[in-house]
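**Student:** Below: sequence and its predicted model.
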Amino acid sequence: MALARTLAVALTGVRASLVEVEADLSQGLPTMSFTGLADTSVVESRDRVRAAAQNSGISWPNRRITVALLPADVRKSGSRFDLAIAVAVLACDEQRIRPDAVRDAVWIAELGLDGRLRPVRGVLPAVAAARDAGVRRIVVSTANGAEAALVPDVDVRVADHLGEVVAWLDGSGEPLATATPVCENVEEAPAPDLADVAGQELAKRAVEIAAAGGHHMYLEGVPGAGKTMLAERLPGLLPALDDAASLEVTAVHSVAGMLGAGARLIRQAPLQAPHHTASVASLVGGGTRLARPGAISLAHHGVLFLDEAPEFAASALDALRQPLESGMVMLHRSGGAVSYPARFQLVLAANPCPCASASGECECAPWVRRRYRQRLSGPLLDRIDLRVHVDAVAHAELFNGSGNRETTAVVAGRVATARIAAADRWAGTPWRCNADVPGSALRASPWALPRAALRPAEGYLQRGQLSARGFDRVLRLAWTVSDLGGRSVPESADVAEALFFRTGRTEGWAA
């Protein structure tokens, strides 16, 4: 009896785990069977790997083959196991490959019937999991090479064909090429500049506060006022992602299959702007067996922009409520449960009524306007920190040159300074920016503000015009306004400005 072992990686969401692939040859009718919770896509590999070997001129054992994927209680899905199964079976036969040559390596690739190594999704988290498990030698397809090379401290080899892999293992061919990452210093298309937005100083101030504190924002105004332009410029104000956040974001995009051959670490905060016909599954994630990431996970550490928000299905909008609070989304499907990170900034944009008349001559009945606005549920809006009315742009502001307007670079500098101040203040805690801090911490020592500064906000709370969640969000906004102003503790004017952006009323703050 012949036996060989090698390694592969199983992927569940963005979590990966090492899988030991065992192949056994025994007497009996030529067939291949699987054990270890292999789904249909894995079982179908028996035909792919045999055809790939034979079409590559490699002898395939004409015996009974048993493949075990261990641990047996972890579900395995996808074609990522093809290459590992092929080399394990060939090593079992010992005609060209010795079993010890494949034992301590991870093999991640799909096989075509002609023997080509094809790329698969999720290579980045898979390689990271292999490294964390102590494996240092990994073989992937050439198309996945740049992505796999993003993980440091591993020896990643790439190949285009199964024949190259076998020739490398038996010493008859050239060594496989080492994967190299794509240079990050590649000039990218310039991001939209805030200076392109005419007027709207109040809305620009709200966008700056949102960027500095990681707050959610709601923009309401007539068409053409600049709501979409403002939302699209928010990611450019956010600081570049650090190494940990960049790996998280890139891993999600890898699982979604959105990196491509020239994969690089995603350093800029991503922007997702789905169409208003988007379904619940496309927003939060979906799939028939194991759910794939949706727009909220692809916007992790970035911005999710929903333009024409009232036109989205109510079920799709309300599905955002739980991820907004937890920063994670848990999806249950027939193939099992999977979780994806979803810590994003939500920006909603809406017209004041269905007719969206820019001339101010709205003929919609009051009940029509009310019903239109009620498409955004109260619980969802209660989770939005900043609510801004965007008026039509004045003629003088529209034709005023952009030379006197603040650019994205200038505002981003202030945002970066405010973020550093917040990070220093919350050092040693689980929080990094003001929007992450729970209200219970801001209402307790040493962060509790003087009652005199909070008196207007407490009045709204007592009259029921501000919920407890809304009151806590006013506190978070006040700390962000204070950080932008270079103050260590919010003052009465900071609380008043925060209250204005939450309620639209000016009490103690001159807009």
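**Tutor:** That came through fine.
**Student:** Quick one: the helices in the stretch 151-300 of the chain, in order.
**Tutor:** 162-170, 201-213, 227-237, 243-255, 280-284, 295-298 (DSSP state H, counting those that start in this stretch).
**Student:** just the ones you listed: most buried one?
**Tutor:** helix 295-298 (a mean of 26; mean count of other CB atoms under 10 Å). (Each C-beta comes from the backbone N, C-alpha and C, glycine too.)
**Student:** okay if I get the helices of the stretch 151-300 of the chain as JSON lines plus distance to residue 484 and mean pLDDT?
**Tutor:** Putting these into JSON lines (distance: least, CB to CB, whole Å; pLDDT from 0 to 100) gives the following:
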{"stretch": "helix 162-170", "distance to residue 484": "56", "mean pLDDT": "95"}
{"stretch": "helix 201-213", "distance to residue 484": "5", "mean pLDDT": "95"}
{"stretch": "helix 227-237", "distance to residue 484": "12", "mean pLDDT": "94"}
{"stretch": "helix 243-255", "distance to residue 484": "22", "mean pLDDT": "93"}
{"stretch": "helix 280-284", "distance to residue 484": "31", "mean pLDDT": "93"}
{"stretch": "helix 295-298", "distance to residue 484": "27", "mean pLDDT": "96"}
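**Student:** Dump those into TSV; add distance to residue 440 as well.
**Tutor:** Output for the helices of the stretch 151-300 of the chain, formatted as TSV (distance: least, CB to CB, whole Å):
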stretch	distance to residue 440
helix 162-170	56
helix 201-213	18
helix 227-237	28
helix 243-255	26
helix 280-284	27
helix 295-298	26
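**Student:** care to break this structure down by domain?
**Tutor:** 2-178, 194-403 (automatic domain parsing).
**Student:** still on that earlier bit, can you check which of the helices of the stretch 151-300 of the chain gets nearest to residue 423?
**Tutor:** helix 201-213 (11.5 Å; CB to CB).
**Student:** who's in contact with that closest one?
**Tutor:** Residues outside helix 201-213 that contact it (CB atoms under 8 Å, 6 or more residues apart in numbering): 194, 197, 215-217, 219, 226-227, 230, 233-234, 237-238, 345, 347, 385-386, 388, 390, 406, 411-412, 414-415, 418-419, 422, 433-435, 476-477, 479-481, 483-484, 501, 511.
**Student:** So how do I select the buried members of those in ChimeraX?
**Tutor:** Here is the ChimeraX selection string for the buried members of those, based on 16 or more other CB atoms under 10 Å:
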select :194,197,215,216,217,219,226,227,230,233,234,237,238,345,347,385,386,388,390,406,411,412,414,415,418,419,422,433,434,435,476,477,479,480,481,483,484,501
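**Student:** mind listing which of the contacts of helix 201-213 are in strands?
**Tutor:** 217, 219, 345, 347, 386, 388, 390 (DSSP state E).
**Student:** Pass me the low-pLDDT residue ranges in the protein, would you?
**Tutor:** 1, 183-189, 261, 335, 357-360, 395-396, 401-403, 505-511 (pLDDT under 70).
**Student:** can you do 50?
**Tutor:** Within the chain, the stretches with pLDDT under 50 are 1.
**Student:** measure residue 194 to residue 41 for me?
**Tutor:** Per CB to CB, to the nearest Å, residue 194 is found 47 Å from residue 41.
**Student:** go on, residue 417?
**Tutor:** 50 Å.
**Student:** Also residue 312?
**Tutor:** Taking CB to CB, one finds residue 312 at 33 Å from residue 41.
**Student:** Which residue of those two possesses the greater neighbour count?
**Tutor:** residue 312 (24 against 16; other CB atoms under 10 Å).
**Student:** what sits against that one?
**Tutor:** Contacts of residue 312 (CB under 8 Å, 6+ apart): 276, 278, 306, 375.
**Student:** can you do 6 Å?
**Tutor:** When contacts are counted by CB atoms under 6 Å, 6 or more residues apart in numbering, residue 312 touches residue 276.
**Student:** and what of residue 422?
**Tutor:** So residue 422 contacts 433-434, 483 (CB under 6 Å, 6+ apart).
**Student:** Restricted to helices, list those.
**Tutor:** residue 483 (DSSP state H).
**Student:** what would the contacts of residue 422 look like in JSON lines with distance to residue 169?
**Tutor:** Shown next, in JSON lines, are those (distance: CB to CB, whole Å):
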{"residue": "433", "distance to residue 169": "50"}
{"residue": "434", "distance to residue 169": "55"}
{"residue": "483", "distance to residue 169": "58"}
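**Student:** Closest to residue 95 out of the contacts of residue 422?
**Tutor:** Closest to residue 95, out of all of these and judged by CB to CB, is residue 433, at 59.4 Å.
**Student:** Against residue 422, how distant is the closest one?
**Tutor:** From residue 433 to residue 422 the distance is 5 Å (CB to CB).
**Student:** just residue 14 next, same as before
**Tutor:** When residue 14 is compared with residue 422 (using CB to CB), they lie 27 Å apart.
**Student:** and residue 53, how many neighbours?
**Tutor:** Residue 53, neighbours per other CB under 10 Å, totals 22.
**Student:** Surely it is in contact with residue 60?
**Tutor:** Yes. The criterion here is CB atoms under 6 Å, and residue 53 meets it with residue 60 at 4.7 Å.
**Student:** ok, residues contacting stretch 235-242?
**Tutor:** Here stretch 235-242 has contacts from 191, 211, 267, 269, 271, 301-303, 408, 411-412, 415-416, 419, using CB under 6 Å, 6+ apart.
**Student:** cool, and stretch 328-338?
**Tutor:** Against stretch 328-338 from outside (CB under 6 Å, 6+ apart): 12-13, 75, 284-285, 289-291, 323, 339-340, 342.
**Student:** Which of those residues fall in strands?
**Tutor:** 12, 285, 339-340.
**Student:** ok, of these, which one's closest to residue 429?
**Tutor:** Closest to residue 429, out of all of these and judged by CB to CB, is residue 339, at 23.1 Å.
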